[in-house]
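Q: structure of the sequence below:
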Amino acid sequence: MTALPYDDPAHRLGLALVCAAAEPALSGVLLLDLDPRLVDPVARLFGAVLAGADGPARPPLVLGAAGRDEDLWTRTRIRGDEHGITVRTEPGPLVEGDDADGAPPLVVVPDLARMGVAGMRAAVQLLGADVVTVERGGPRRTVRPRARWLAVCRGADVARVSRHLLDRFAVRLSVAGLRLPGSGEALAEPAAGEAREALFAGLPPAWRSAAHRGIRPVPVDDAAIGRARELLGPDAGVRRELALVRLARTLAALDGRPSASAEHSDAAARLIGVAVPRSAPERPDGDPEPPDPVPGPAGPPGTLPERRGADGHRGPRTRDGDRGLLDTGPAEGIGTAPGAAPSPAAGNPYPEDEPAAARDTVPLRGPRRRTTGPVSTRGTVIGTRRATDLRDIAHVRTVREAAVHQRARRAERFTVSPVDLHSNVRAAAPERVLVLLLDHTCRDGTGDGDWQEVLAPFLQWAYTSRATVQVIEVGAADAADELRAGTFTARSVLDPRVPGALYRRAGRATPLAHGVELAAQALRRLLRRQGTGPTEAWLVVVTDGRGNVPLRASHTGRPTGEVAAAGVEDAVQAAARIGAMDRTRLHVAVVDPGREPYGDLPYVLADRLGAIVIDGRHGPGAEAAGE
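A: Numbers count the residues shown, from 1 in each chain. Modelled structure (predicted):
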């Protein structure tokens, strides 16, 4: 077989793009940990490979978070003639068949973890499919899809992507630290022939020409299939085995071999980064097999921590066998280390097999939207679409659409037609909200108060109910202003900032009053929305109650001299505002780290909040969210 430069990431990338261009069954290419600055040069490079040496490259279709089904499957063509303007609905770029002229279309996904639901559904339906039937908005077509997909994803974010979507990408490479020949700007130029030639150095000229013409599939012998199964292991799915065999078949066809052998399976594995072990030495017949490890004694069954209410009453502990149906047992934590989830092993093309963060249960289904009445015009704008009424018009997009057609309309003044109108697409209002108030200064460094363990029931509730999470941090060592509390909002507990906030180092100041005030303001904004407010909200406060920054100092940003108990009193007064809120939708819990002296301060704060108290020294909390 032709010797290939598998040790150079840039040459591996060039060979992978050639294989994906030559074989329609390898239409999906996933690049892990690619530098964001190289996304555009690599996309242009892939487009040039698809177009060939003489043909012009097509502009790629970029899919982001705001993609809609209407923009992917159909497109509107406006043509002017002597009888007026004709509007025609045609199939979109994703459903181009083999009868289309020119190079195959290229779909670029700059961040696979943040691609919209419409784009994810399209990828699952098209990638690897032999035939696709599309019925939408009038056109009906049955075609063999020819589009090629180039997706980029951080290795740490792969755990958030659906496995159904990941398995559709047959060619997967880890390209961390990739350095392309020449500068990124040079590769992005249309006439960057020398830089592209350097990238494909070492490949036979016939291989590069075959990328544009296509190849004839060759048969695969049993040895190649068995070798692919051996390399991937017994737990690999059928799609992984099929992808590796197809890649081996493509390499064999490019090399001019009549069939694919085990040697080509090894070459395909080296190309995508799968370890190819050497032949292990055989064990002599006389050597006995090593004994199986003896399992150690099982530990005692776990117990639930003691429960304490706001009045300080302790309930009995319950063993696992006597636990009620609604009691929450030990749960797997969100994240395994301080900060963001740890990155998978470098070079592994399947990082989803590594232990990582929890996955979304229904990643291909969007959250329910409330669209009745004018309340649907609230929420963060995430895109635009053609307007069906005059509410929530996207003015910039509307004017831009109208400007495109001014010459065809031949009007003396700037004219906006109804077909130019676009409205905003807004994120759905959250159905459930979790507000975490974390006092980092209540850590004493002795191991008490494991926040990940004690907050596990609430994080589980937020994950299963797809709740929005707002985190308010008090007393962090790296706070921008130690006299003020910091806050951020995450779409879900899968956001890396949420587990990172659980392991922040403690600072010196404790602006607890300001943190409680921010929590009250956030809850007031959420609960006063009529029709779009959350149906359920939880406020969880982790603190020992020792606030040492008065509220006035947090507002002005300047210390006010002697503090005494002013910080504690301001926190209690701010908590009273939360205690007066509507409790039909709001639940409040205070986690007591059990620090002395002044161990009664969390109970005083809980009394004003109208909250339950959870013992933070004994693992998972007593009251599970949602009970």
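Q: buried sites along the helix or strand hosting residue 403?
A: Using DSSP states H and E, residue 403 maps to helix 395-404. Within helix 395-404, the residues scored as buried using 16 or more other C-beta atoms under 10 Å are 397-398, 401-402. Just so you know, the C-beta spots here come from the backbone N, C-alpha and C atoms, and that holds for glycine as well.
Q: which stretches in the stretch 351-500 of the chain count as strands?
A: In the stretch 351-500 of the chain, the strands defined using DSSP state E, counting those that start in this stretch lie at 381-386, 422-426, 432-439, 468-474, 486-490.
Q: which ones are touching residue 111?
A: 64, 152-154, 157 (C-beta atoms under 8 Å, 6 or more residues apart in numbering).
Q: go again with 7 Å.
A: Listed by C-beta atoms under 7 Å, 6 or more residues apart in numbering, the contact partners of residue 111 are 152-153.
Q: just residue 31 next, same as before
A: 152, 173, 175.
Q: check which helices and strands the helix or strand where residue 248 lies is in contact with.
A: Applying DSSP H and E as the criterion places residue 248 in helix 238-254. Applying 3 or more C-beta pairs under 7 Å, 6 or more residues apart in numbering; DSSP states H and E, we find helix 238-254 packed against helix 9-22, helix 222-232, helix 262-272.
Q: which one of those helices lies closest to residue 142?
A: With C-beta to C-beta as the measure, helix 9-22 is the member of the helices and strands packed on helix 238-254 nearest residue 142 (23.8 Å).
Q: can you give me phi and psi for the closest residue to residue 606 other than its chain neighbours?
A: Spatial nearest neighbour of residue 606, chain neighbours left out: residue 590 (4.1 Å); criterion: C-beta to C-beta, 6 or more residues apart in numbering. With angles defined as degrees, to the nearest 10, residue 590 sits at phi -120, psi 130.
Q: quick one: residue 590 from residue 573, how far?
A: Shown here: residue 590 relative to residue 573, a distance of 16 Å by C-beta to C-beta, to the nearest Å.
Q: who's more crowded, those two?
A: Remark: of residue 590 and residue 573, residue 590 carries more neighbours, 25 against 14, as counted by other C-beta atoms under 10 Å.
Q: still on that earlier bit, in the helix holding residue 248, what's buried?
A: Neighbour counts over helix 238-254 (16+ other C-beta under 10 Å) mark 239-240, 242-254 as buried.
Q: ditto for stretch 28-47
A: For stretch 28-47, burial by neighbour count (16+ other C-beta under 10 Å) applies to 28-35, 38-47.
Q: can you tell me the centre-most residue of this protein?
A: residue 113 (3.4 Å; C-alpha atoms, centre = their mean).
Q: would you mind measuring from the closest residue to it other than its chain neighbours to residue 22?
A: In space, and not counting its chain neighbours, residue 113 is closest to residue 157: 3.9 Å by C-beta to C-beta, 6+ apart. Relative to residue 22, residue 157 is positioned 30 Å away (C-beta to C-beta).
Q: just the strands in the stretch 1-150 of the chain please.
A: If you assign secondary structure with DSSP E, counting those that start in this stretch, the strands in the stretch 1-150 of the chain sit at 28-32, 61-62, 74-81, 84-91, 106-109, 132-135, 140-143, 148-153.
Q: show residues contacting the second one.
A: The contact list for strand 61-62 (C-beta under 7 Å, 6+ apart) reads 93, 105, 107-108, 110.
Q: most neighbours out of those residues, which is it?
A: Neighbour counts for the contacts of strand 61-62 (other C-beta under 10 Å) peak at residue 107, which has 25 neighbours.
Q: residues contacting that residue?
A: Contacts of residue 107 by C-beta under 7 Å, 6+ apart are 60-61, 63, 147, 149.
Q: just those residues now: which is nearest residue 419?
A: residue 61 (22.0 Å).
Q: what's the neighbour count on that closest one?
A: Neighbourhood size, residue 61 [other C-beta under 10 Å]: 19.
Q: which strands or helices does the helix or strand hosting residue 538 pack on?
A: Element membership of residue 538 [criterion: DSSP H and E] is strand 536-542. Contacts defined by 3+ C-beta pairs under 7 Å, 6+ apart place strand 536-542 against strand 432-439, helix 512-527, strand 586-592.
Q: among these, which is nearest residue 349?
A: Among the helices and strands packed on strand 536-542, the nearest to residue 349 by C-beta to C-beta is strand 432-439 (35.0 Å).
Q: what lies in contact with that closest one?
A: Outside of strand 432-439, the residues within contact range by C-beta under 7 Å, 6+ apart are 458, 462, 465, 467-475, 501, 510, 512, 515-516, 519, 522-523, 526, 534-544.
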